[in-house]
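Student: sharing a sequence plus its predicted fold:
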Amino acid sequence: MKSGSHLKILLIVVILLSLMLLNSCGVVKFPVYVYGLIDTEGNYLVQPEFTGIKIGKEGLYPVRQGFNEYYKWGFCDRNGNIVIEPQYKDASMFSEGLAPVQVYDNSGLWIFIDKENNEAFEKQFKYALPFSEGLACVQSAARDASYNLWGYIDKTGEYVIEPQFQIAASFSEGLAKIQTGSGSAGLCGYIDKTGEIIIEPQFSYAGLFSGGLASVKLSMDQETNDAGYIDRQGNIVIPLIYYNTSTFSDGLAPVLAGDTFKDALYGYINIRNEMVINPKYYMAYSFSEGLAAVKTDQYENSGWMYIDTEGKLVIKNDYSSASSFIDGVAPVGMVEYR
């Protein structure tokens with residue numbers, strides 16, 4: 001081995017030993033991301049103690065324990081009590097009594113479980129979304145022509161709409177986004193629950209319908225202001241003038257607006273395309289139960305707070321991450337230095 005290599009190894013060892021010594025003296029601390037649950041007043045229902053937590057429904061919340069490759073997902077209640085022991089590689093929320101979870105083995109496939117942690121049916125999928133309006137959007141793991149394609153199943157695990165789409169999303173107000181074609185050639189449209197295309201694929205991005213409107217974007221270029229809203233017939237009802245748009249809720253929707261993409265910030269419009277809350281946020285989520293999570297600074301691990309529908313900051317706890325409220329509960333993240 002050359003002397004230069006010896007010196008490099010020695011230098012690395014010295015640096016590591018120095019860091020260990022400084023850490024033992026309390027000088028060096030490392031960031032640890034922890035997550036809990038809050039109520040609509042900003043009070044903690046569950047103190048930040050989990051290494052991951054997601055939006056939940058029906059009184060159960062996907063939670064992660066452990067770090068790196070040793071983590072596992074389970075479910076807790078709104079008080080932080082573990083209801084289903086962490087044992088899965090990933091998990092999503094319960095909806096209509098069932099939840100999709102990723103099994104912790106080499107296959108990495110997804111199954112559905114009930115609230116007693118029983119497997120709902122035998123079929124497994126490459127990926128799966130929660131049930132919505134009686135159907136779940138799933139990605140086929142079958143070793144045939146349907147592999148990787150998306151379709152829709154009922155609560156027995158049987159396909160109602162066979163896997164045939166490159167990308168698909170959950171049903172909302174009777175319609176679901178689908179994508180035909182792949183990569184830059186892929187275009188999004190909407191189907192009904194029979195699988196019939198109702199709005200022809202023509203958008204690069206398409207969101208969920210809410211209040212009869214869905215957010216769409218023509219191009220894949222985030223710096224092009226060609227996002228707006230369509231109605232259930234596919235008519236453009238709010239001009240495609242924004243850089244990004246999201247779902248309407250409580251009569252408002254977050255939009256990324258500005259003279260240029262570099263200067264664009266998020267504000268909120270109403271269904272008449274009037275800017276009700278001026279653009280001033282670096283990120284913004286849709287309203288839920290009268291509150292919306294917004295990012296008030298451009299730094300990576302801070303600045304998330306909650307506003308009301310008048311734009312007033314009502315929860316100012318400065319989280320590292322924040323999610324929407326469901327049934328009066330929202331997951332939030334904090335950074336601790338240990």
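Tutor: Good, I have the coordinates. Numbers count the residues shown, from 1 in each chain.
Student: can you list the buried residues in the helix or strand hosting Gly36?
Tutor: When elements are assigned from DSSP states H and E, Gly36 belongs to strand 31-38. Within strand 31-38, the residues that qualify as buried are Tyr33, Val34, Tyr35, Gly36, Leu37, Ile38, counting by 16 or more other C-beta atoms under 10 Å. Placement of C-beta: from N, CA and C, glycine included.
Student: so how far is Ser321 from the nearest residue to the second one once chain neighbours are set aside?
Tutor: The spatial neighbour of Val34 that comes closest, neighbours along the chain excluded (C-beta to C-beta, 6 or more residues apart in numbering), is Pro48 at 3.9 Å. Remark: distance between Pro48 and Ser321 (C-beta to C-beta, to the nearest Å) = 11 Å.
Student: now do the shared contacts for the two.
Tutor: Tyr35, Val332, Gly333 (C-beta atoms under 8 Å, 6 or more residues apart in numbering).
Student: now for the second one, how many residues are close by?
Tutor: Neighbourhood size, Val332 [other C-beta atoms under 10 Å]: 24.
Student: same check on the last one?
Tutor: As a burial measure, the neighbour count of Gly333 was computed by other C-beta under 10 Å and equals 20.
Student: that one and Val237, how far apart?
Tutor: Counting by C-beta to C-beta, the gap from Gly333 to Val237 is 36 Å.
Student: kindly report the same for Ile198.
Tutor: 16 Å.
Student: show me what contacts Pro239?
Tutor: So Pro239 contacts Gly228, Asn273 (C-beta under 8 Å, 6+ apart).
Student: how does it look with 6 Å?
Tutor: Gly228 (C-beta atoms under 6 Å, 6 or more residues apart in numbering).
Student: and for Thr296?
Tutor: Gly303, Met305.
Student: how close does it get to Glu289?
Tutor: For Thr296, the distance to Glu289 - C-beta to C-beta - is 20 Å.
Student: the nearest residue to Gly303 once chain neighbours are set aside: how many residues sit nearby?
Tutor: Closest residue to Gly303 in three dimensions, ignoring its sequence neighbours and counting by C-beta to C-beta, 6+ apart: Asp297, at 3.5 Å. Counted with other C-beta under 10 Å, residues neighbouring Asp297 total 12.
Student: same check on Ala257?
Tutor: 22.
Student: returning to that earlier point: model confidence score at the residue nearest to Gly303, please.
Tutor: Looking at Asp297, its pLDDT reads 93.
Student: so it is in contact with Asp318, correct?
Tutor: No. Contact criterion C-beta atoms under 6 Å: Asp297 and Asp318 do not qualify, at 8.8 Å.
Student: hang on, isn't Lys217 packed against Tyr205?
Tutor: Yes. Lys217 lies in contact with Tyr205 (C-beta under 6 Å); the separation is 4.0 Å.
Student: neighbour count winner among these two?
Tutor: Lys217 (23 against 19).
Student: how near is that one to Trp73?
Tutor: From Lys217 to Trp73 the distance is 32 Å (C-beta to C-beta).
Student: just Asp226 next, same as before
Tutor: 38 Å.
Student: comparing those two, which residue is more hemmed in?
Tutor: Shown here are Asp226 and Trp73; by other C-beta under 10 Å, Trp73 has more neighbours (25 against 17).
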